[in-house]
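> Task: produce atomic coordinates for the following.
(one chain, ligands or ions: 1)
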Amino acid sequence: MLANQEASGGSAEGASAATAGRLHRLLLRLDAERAHGLALAGLRAAAGVPILRARLARRYRFVDRRLEQRLLGARFPNPIGLAAGFDKDALAISGFESLGFGFVEVGTVTPLPQAGNPRPRLFRHPRQASLQNAMGFNNRGLRALAKRLEGRPGGNPLGVNIGRNKETAPDQVAADYRRVAARLSGRCDYLVVNVSSPNTPGLRDLQERGRLGKLLAAVRESTETPFLVKLSPDLDLALAVSLAAAAVQEGAAGVVLTNTTVDYSLLPGAVAPGGLSGRVLRERSFEMLRAVARELFGRCLLISVGGVETAEDAYRRLRHGASLVQLYTALVYRGPRLVRTLNQGLVRLLERDGASSIAEVIGMDL
Ligand SMILES: Cc1cc2nc3c(=O)[nH]c(=O)nc-3n(C[C@H](O)[C@H](O)[C@H](O)COP(=O)(O)O)c2cc1C
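Okay, the predicted model is just below:
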């Protein structure tokens, strides 16, 4: 990767690419959460300086009309998005856009700020290119997020992933979602109702037909922004399909598949707590997409997330019915050049298959 970066630019560009490579390797030697904080702060700082932002975009962004789509009333310049949880408080949206992401999903945001679970709560499993996190929705809360979005100059499509506070009483859970959805109505391109993070006790219990239906009805009444539902990979496939169908019936514009898994058998030696992401999740996430797409393709938007590392991974998700793909863990292991590599790879795969745009291949393998 580094060799390619050095070959692709002049000597100054090559030198700064080499520096980026060294910084990335250094981050991977630090404590995982500290590294994440530094990466986010660095990206935020760089994106705040127009000349640096432009330099990042020149190096990392890849533009090709064949990757464009219009979805949810917005123009997505490419189908690769940043998954929820990386930029929970919307601190560095334009930085991620400069890295080439076609869209960004911030959050999970809860009504009130909360600290999340005690540290350490984020661990790397480098040999499996996977992460394990028990963050517990640490975030600065709705008010801070809404304020940041108000000051946003515009850009690629933006999603906000919404959740409930840990301390919320069971009979107030729907009110939490309603409040967040109402405040963010019209402030982003889509909302994601998160009922699938494993680190908030009771949250996954919302993945039950009756409860999910009531919750989504509350969200629907509170917002004009399209909303999707994010499901767990630990659901039985038939249940996932029926919940997805129920969500669409309740007005959801789509489904995000999937969150992290607590099936520790996927990673030898892993123990609770926390959810696993990255390569160990890839096949599970893909199977769930395929099952849900067989039922719902063409009736709603499908976003696939979980273990996407290569252009072939992303392309396979598209061909199996996902219009958009997201990633988190692969960015940690592969570094800032990843999104460009994926988008360039997608164009090559389109050319190989004689397709003139990604819209032509979405759902082709169903
Ligand atoms: C450290 C960490 C924090 C996360 N936080 C959230 C979150 O707040 N909300 C959410 O819906 N998903 C969250 N996720 C899950 C990701 O959005 C994604 O669904 C999952 O990691 C699978 O994608 P990946 O294999 O590309 O990482 C988090 C994942 C990680 C690794």
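
> Now do the same contact list for residue 226.
72, 73, 189, 190, 191, 253, 254 (Cβ atoms under 8 Å, 6 or more residues apart in numbering). Yep, even glycine has a C-beta here, placed from its N, CA and C like the rest.

> ok, and the most crowded of the residues you listed?
Per-residue neighbour counts (other Cβ atoms under 10 Å) across those peak at residue 191, which has 29 neighbours.

> Excluding chain neighbours, give the residue nearest to that residue in space.
Spatial nearest neighbour of residue 191, excluding adjacent residues (Cβ to Cβ, 6 or more residues apart in numbering): residue 227 at 4.3 Å.

> What backbone torsions are found at that neighbour?
phi -130, psi 150 (degrees, to the nearest 10).

> for the one 10 residues further on, same thing?
Recorded main-chain torsions at residue 237 are phi -60, psi -40, according to degrees, to the nearest 10.

> so it makes contact with residue 288?
Yes. Between residue 237 and residue 288 a contact is recorded at 6.5 Å, counting by Cβ atoms under 8 Å.

> Who has more neighbours out of the two?
Each of residue 237 and residue 288 has its neighbours counted (other Cβ under 10 Å); residue 288 has more, 24 against 14.

> Help me confirm that that one is found in a helix?
Yes. The assignment for residue 288 by DSSP: H, G, I helix; E, B strand; the rest coil puts it in a helix.

> Spell out which parts of the stretch 151-300 of the chain neighbour the ligand.
Applying Cβ under 6 Å from any ligand atom, we find that the stretch 151-300 of the chain lies next to the ligand at 161, 194, 197, 230, 259, 260, 277, 278, 281.

> Kindly recompute the last result at 8 Å.
Proximity of the stretch 151-300 of the chain to the ligand, by Cβ under 8 Å from any ligand atom, involves residues 161, 163, 192, 194, 196-197, 230, 256, 258-260, 275, 277-279, 281-282, 285.

> Can you list which of those are found in strands?
With strands taken from DSSP state E, the overlap with those comprises 161, 192, 194, 230, 256, 275, 277, 278.

> Pull the most distant pair out of the residues you listed.
192 and 278 (19.9 Å; Cβ to Cβ).

> center of this structure, which residue is that?
Compute the mean C-alpha point of the chain, and by Cα atoms, centre = their mean the closest residue is residue 83, 1.1 Å away.

> residue contacts, that one?
For residue 83, the contact set (Cβ under 8 Å, 6+ apart) comprises 105, 305, 326, 327, 328.

> again, but for residue 241
The contact partners of residue 241, taken as Cβ under 8 Å, 6+ apart, are 291, 292, 294, 295, 296.

> Can you say which of those are buried?
291, 292, 296 (16 or more other Cβ atoms under 10 Å).

> how near is the last one to the ligand?
The one in question is residue 296. 19 Å (Cβ to the nearest ligand atom, to the nearest Å).

> For that residue, report the pLDDT, please.
Looking at residue 296, its pLDDT reads 98.

> thinking it is in contact with residue 243, fair?
No. Using Cβ under 8 Å, residue 296 is not in contact with residue 243, being 10.9 Å away.

> Now, the contacts of residue 241 that are in strands?
When the contacts of residue 241 are checked against strands (DSSP E), there are no matches.

> which of these lies closest to residue 24?
residue 292 (34.3 Å).

> which non-adjacent residue is nearest the closest one?
In this structure, residue 292 finds its nearest non-sequential neighbour in residue 244, 4.8 Å apart by Cβ to Cβ, 6+ apart.

> how many other residues sit next to the one you found?
Neighbour number of residue 244 under other Cβ under 10 Å is 28.

> Would you enumerate the residues in contact with it?
Applying Cβ under 8 Å, 6+ apart, the residues near residue 244 are 229, 231, 255, 257, 292, 295, 296, 300.

> do residue 218 as well
174, 175, 177, 178, 181.

> Excluding chain neighbours, give the residue nearest to the third one in space.
Nearest non-adjacent residue to residue 177, counting by Cβ to Cβ, 6+ apart: residue 219, 5.5 Å away.

> do the same with the first one
Leaving aside its chain neighbours, residue 174 sits nearest to residue 218 (4.4 Å; criterion: Cβ to Cβ, 6+ apart).

> Nothing else from me, thank you.
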